[in-house]
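**Q** Below: sequence and its predicted model.
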Amino acid sequence: MPARRPGGARRARRATPYLLIAPMVGTLLLVLGYPLVDMVLLSFKDMTRKQLFAGTAPPWVGLDQYRTVLSDGFFWEVVARTVAFAVVCAGLTMLCGLAFALLLRAVSAWVRVVLVGVLVAVWAMPFMVAASVFRWLSDADYGVVNWLLGRVTGADFRGHNWFSDPWQGFAVIVAVVVWGAIPFAAITLHAALTQVPAELEEAARVDGARGVALFRHVTFPMIRPLFTVVAALSAIWDFGAFSQIWLMRGGQPERDYYLLGVYSFIESFAVNRYSVGAAIALVTVVLLLGGSAVYLRQVLRTGEVE
Amino acid sequence: MTSRDRRRRRNRRIADAVGLLAAAVMAFPVYWMVLTAFRPASQILHLPPQFWPSSVTLDNFRRAVSSDGFWSNVRSSVVIGVGTVLISLVIGTLAAFAVARFAFAGRRALVLALLCVQTIPLIALVIPVYLLLNDLALTDTLTGVILTYLAFALPFTVWMLRGFIVAIPPELEEAAMVDGCGRLGAFRRVTLPLLAPGLVATSIFALVQAWNEYVLAYVLLSSNSKRTLPIWLVSFQTSFGTDYGGLMAGATLTALPVVVAFLLVQRRIAAGLATGAIRG
Amino acid sequence: MTRTVRGVVATASAVALLAGAAACESGGGGSAKGSQRLTVWLTVDAQESWPDLVESTNTRFAQQHPGVDVAVEYQQWTTKNLKLDAALAGRDVPDVVEMGNSEVVNYLVNDAFAAVDPANYDHSAEWLPALKEPCELNGRTYCVPYYVGARVGIYRTDLFQQAGLSKAPDTYPELITDLDALKARFGAQDHAFSALYMPGRYWYAALAFLKDAGGDIAVKTGDQWKSALSTPKSVAGLKAWKDLLDAYYVGDRSKDNGDEPAVVGQGKVAMFYGNTWEAEAAADPQSGGDPALKGKFATFPFPGPSGGPLPPFLGGSELAVPTKSKNQRLAQDWIKLFTDRTSQQRLIKANTLPNNTAQLADVDPAGVNGSAAKAAARGWVTPPAPGWVAVEKANILQEMLEDIATGKHTIEDATKTADGRIDAVINKN
C-alpha cells in the first residue's frame, strides 16, 4: 500500500465528482446555454419575422405574452387534454412494458431474440413512416382495422371515421404512441430485471412466496428506481408529444386534437408568433416540473451515499 | 423433481406462445411497412386488404437506392448516430457515476437541472441553436449536428444510467475497495460489467433518437451530401404526390442498420451478463 | 487494468476517428473558396419533375458567368420556411429561394426579399395576375413568377362510355345529369363508388365554388383585410359545393385530396377535380395509382353553377432574392434564365402552366393541359394579405370545410367562426 498524504488524498477525492461531471456540464452549457436564455427572453418580447431577419431588438412587453396565454380558456383546455393524454399513455406504456419485460424473462432464448428484434425494429421505425402505416390501417374506407372489426363483430364498419370523434381519434393516437413507447420501457425494465439476483427470488420461493406476491414484495422493489425513472421519462415525453399528433392528422391537426406541444409549435413556427410559442413552451416546462415535484423529492432522497 | 421440471417446461411453452403472439401484434405495422416496400403502391389502399403481396417487386428498392445522394446520406446518418452515442456514453457514464455515488455541493441542483432540461422541447430552440452554430461556423457540419443532439442525448443518458447505478448495491464497490482498488477502479471492475445491459438500452435509445431526428438535421445541414436519412425520406413527398412505395422501401433500409447493430451488440452483452451473474 | 486501458483507448480512437470524419465534411462553413458560389433553394418538386431544366439552366449560367459555382439545394415544403427563417436570421443566406404564391406576402411585408425590375425578365408584361399580385408591394416587385397549376375536371373516359355519355359536360345542368347517370349505372351495385371525388377538406375545390358564386375569402377595405366567408354569396357557393358532395361522394369526408391517386386508382371514381398532372398520377404506380388506367383519363373545364367554368385556384411558385444575399445580380441572372420562354416550354411539357398569358397559347388545347390553360383566365389566388400564411398554417379553412362536410355545423355557423378566427390573424405580420 503506497503511503499517501491524507490531506492530498482528501482534496483529490473532493475534486473527483466535479471532474467527472465537468464534460457533461460544459457540453450542455455550450449547446443549451445561449438558446435557452434566448428563448426565455423571447417570451418577454414580441418578435416578428421583420426583427428576426433584420437582427433588430424586438419590443419588450413584459408579461403580456404570458397573460394572453394563461387567460385564454382554450389554453387550459389544451392543458387538461395534455395531462389526461400523458397519464393514460404513460400508464399504458409502463403496464405493457412491464408485461413485456416479464415475458422476456420467461421465454426460451430464441423467442427472446425474436421478441427483442421486433421491439428494436418498432423502435427503429422512423416515426413519419409509422404514422403513414397507422393512417392506412385506420383509414375510414380502406383500413385494415375497419375491415377486421367488420369481420369480427359482424357490424358494418365501412366508412367509419376514427378521427371525426376526438375520443376515438385519441384512442388511435394513444395506441400509436404506446406502441412506439413500449420497446423503450420493455427493454429497460428487462435490463433492470436481469440485475435482480436470482438467489433473492429463490430464497423467497423457498419461504413460500409465489406469483404475484413474489413479484410485489421481492422483484418489484428491486427494480423500483428504474421503474420510476422510465415512468417519469415516459410521462415527460408524452406530455410534450408533438410529432405523433401532427403526423396522424396529416400535418393539419384540428383544434380538438391540440396538445401543448402541437399548440406551441403551431404558434411559433406555423403562425410565426414566436414569442407566444416560447411562452407556451416555458409554461409547459413549469407545469411539468410542478407535476413531477413528488417524483423529484423521491429522486433527491434516494441515492444518498456517504 | 420431474413434475416441477415438467411444470417449468409447460410454463415456458405457454410463455413462448404468448411471446410470439405479442411479437406478432407489435410487429404488424412493421410488417405492413415492409410489405408495402415489396409490392406496387397501388395495392396500399385496397379493399379487401391484402395481407400477402400478389406481386412482389423490387422496383421500390431500386428507386430508393438509386436516388440522388443516398449513400452519402447513409454515411452522414452513421457518423452522426454513432458519434452521438459514443460521446454521450463516455461523458454520460462518468457524470452518472458522480451523481449516483458521490455527495457534493450542487448535486441536487444538477439533478433538478437535468430533469428540467429534458422537459424542454428541443424543436422550440431550433432557431437560436442554428444561430449559435452559425457563430461557431458549425452549420452544415456533422460535428454541429452531433453537438446539438448531445443536448438531448446527454441528460437522458445520465438520468437513465444514474437509475441503473443506484440499483447496484454500493457494498459491491466497497468490497472491491477493501481489496485495494481506488474508487474509480472499483467502479470499472465491479459496477461497469453489471451496468452493461443498462448501457445497451441507453445507447440504443440515443442511437434511435439521433437516427430518426428530422427537423434539427434539416435546418442545420444544407449540402445535399451531408443530409441524413430522415431528410432523404421526406423528399419522397412532393407537390405532385407521395411515392409511398419508395418511401416504405427507404424506411426499411433506414431501420435495418439499427436492428442489425442492436442484434450484434445484444449477443456480446448476453455473454457479459452471464459472467456477471456467475460472479454475482 | 490493461483490458480497461485497451477499452478506453479503443473508445477514444473511435471518437477521434469520427471527429476526423466529421471534420472532413466541415469544410463548407459558408466561406467562399476563391470562386464565387451561388446558392439556390428549389423545392423537391423541381428535383422530381424537371431536373433536366435545372441542369440546362446551370449550363447556360456557367457560359454567362464562368467561375461561379451554382449549388442547388432541394427543400421540403413542410419545413422549408422554418429553415428559411433560421437562415435569414443568420449569416449563410441563400441567393435564390422558391416560395409558394400563398406564402410569399408575409415575407415581403417583413422585408425579406430584394426588389427586382420586371423589365429584366422574359414576358414580364404578360405575367399571370395570380403570380404577379403576390409579388407586388407598394408599387414595387419583389419576386419573379415561376409556374402555376390550374384545376380542371378529370374523368374516366371508359366509365363515361359505359354509362352512355359521349362527351364531357359543358354546362352545370349537363354535369348533374352526367353524374346522376354514372351514379345510377355504377353506384347501385358498388356502394363504395363515388361519381365525383370530393373530400371535405379539399379547400381548393370548395373555395372555387365560393368564387364562382361571386363570393370572396377576404376583402380589403382601405388597408385592412376582413374575412368574407359568411357573406350571402360565399355561403351560397359553399352550399352548392356541399350539395354536390352530399349527392355524389361516398368516401371519407374528413380527408383532403392527399390520397387521390390511390383512391382514384382503385377504380371507384368516375370524375374528380384536380391539377392536370393528377390525371396521370392516378395511373402512375409510383404515386399509388393503377397502371391499367393509363390513357383512360381526359380533362375538361369544370362548369360552375354560375354558367362559366369553375374559377380554378392558381397555386404556383415564385422565385425571390433575399435582401441579405451577397450575390444579388448573379441571383437575378440565374432566375432570368430559369424563367425565360425556353424554360417555360419545358414546364409546359411537364403539364404545368407557364408564368405568362402569352405562352398559354403554346399549351396544346387538345391535350390534357388544354382545359387548364382555358380556365386559367378566370383563376384566383389566396388574398395577398400579410397574415394569410398564418390562416393557412392554422388550418382554419380546412376545419371549417370539414365541419360543413361532416354536418357538424351549419354553413352559416361554420363560416362565422372561421371569419372570426381569420380576422384575428389576417392583418398581422
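**A** Yes, it's here.

**Q** Can you report phi and psi for the residue nearest the centre of chain C?
**A** Centroid-nearest residue in chain C: C:Gly315, 4.4 Å away (criterion: C-alpha atoms, centre = their mean). C:Gly315 adopts backbone torsions of phi -90, psi 130, taken as degrees, to the nearest 10.

**Q** ditto for C:Ser227
**A** Per degrees, to the nearest 10, the backbone of C:Ser227 is at phi -70, psi 140.

**Q** Beta-bridge partners for it, please?
**A** For C:Ser227, the beta-bridge partners are C:Ala218 (DSSP bridges).

**Q** burial count for it?
**A** By other C-beta atoms under 10 Å in any protein chain shown, 26 other residues sit near C:Ser227. The way it works is simple: take the backbone N, C-alpha and C, and place the C-beta from them, glycine included.

**Q** So it sits against C:Val425, correct?
**A** No - C:Ser227 lies out of contact with C:Val425 (C-beta atoms under 8 Å); the separation is 9.8 Å.

**Q** what about residue 101, neighbour count?
**A** Going with chain A. Residues within reach of A:Ala101, counting by other C-beta under 10 Å, total 23.

**Q** try again with chain B
**A** The number of residues near B:Arg101, taken as other C-beta under 10 Å, comes to 23.

**Q** cool, and B:Val90?
**A** With other C-beta under 10 Å as criterion, B:Val90 counts 17.

**Q** Give the buried residues for the helix or strand containing it.
**A** Using DSSP states H and E, B:Val90 sits in helix B:70-101. Neighbour counts using 16 or more other C-beta atoms under 10 Å in any protein chain shown place B:72-101 of helix B:70-101 among the buried residues.

**Q** And for stretch B:158-176?
**A** By 16+ other C-beta under 10 Å, the buried positions in stretch B:158-176 come out as B:158-168, B:170, B:172-173, B:176.

**Q** quick one: which of those residues sit in helices?
**A** Assigned to helices by DSSP state H, the following of the buried residues of stretch B:158-176 qualify: B:158-167, B:170, B:172-173, B:176.

**Q** quick one: low-confidence ranges for chain C?
**A** Within chain C, the ranges that satisfy pLDDT under 70 run C:1-34.

**Q** Name the residues of the stretch 1-150 of chain C found near chain A, please.
**A** Selection of the stretch 1-150 of chain C residues close to chain A by C-beta under 8 Å from any C-beta of the partner chain yields C:78, C:81-82, C:85, C:88-89, C:106-107, C:109-112.

**Q** Please pick the buried ones from the residues you listed.
**A** C:81-82, C:85, C:88-89, C:106-107, C:109-112.

**Q** Keep only the residues you listed that also lie close to chain B.
**A** Restricting these to those adjacent to chain B (criterion: C-beta under 8 Å from any C-beta) gives C:82, C:85, C:89.

**Q** Let's have the residues of the stretch 1-150 of chain C next to chain A in a markdown table, adding secondary structure.
**A** Shown next, in a markdown table, are the residues of the stretch 1-150 of chain C next to chain A (DSSP: H, G, I helix; E, B strand; the rest coil):
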| residue | secondary structure |
| --- | --- |
| C:Thr78 | coil |
| C:Asn81 | helix |
| C:Leu82 | helix |
| C:Asp85 | helix |
| C:Leu88 | helix |
| C:Ala89 | helix |
| C:Asn106 | helix |
| C:Tyr107 | helix |
| C:Val109 | helix |
| C:Asn110 | coil |
| C:Asp111 | coil |
| C:Ala112 | coil |
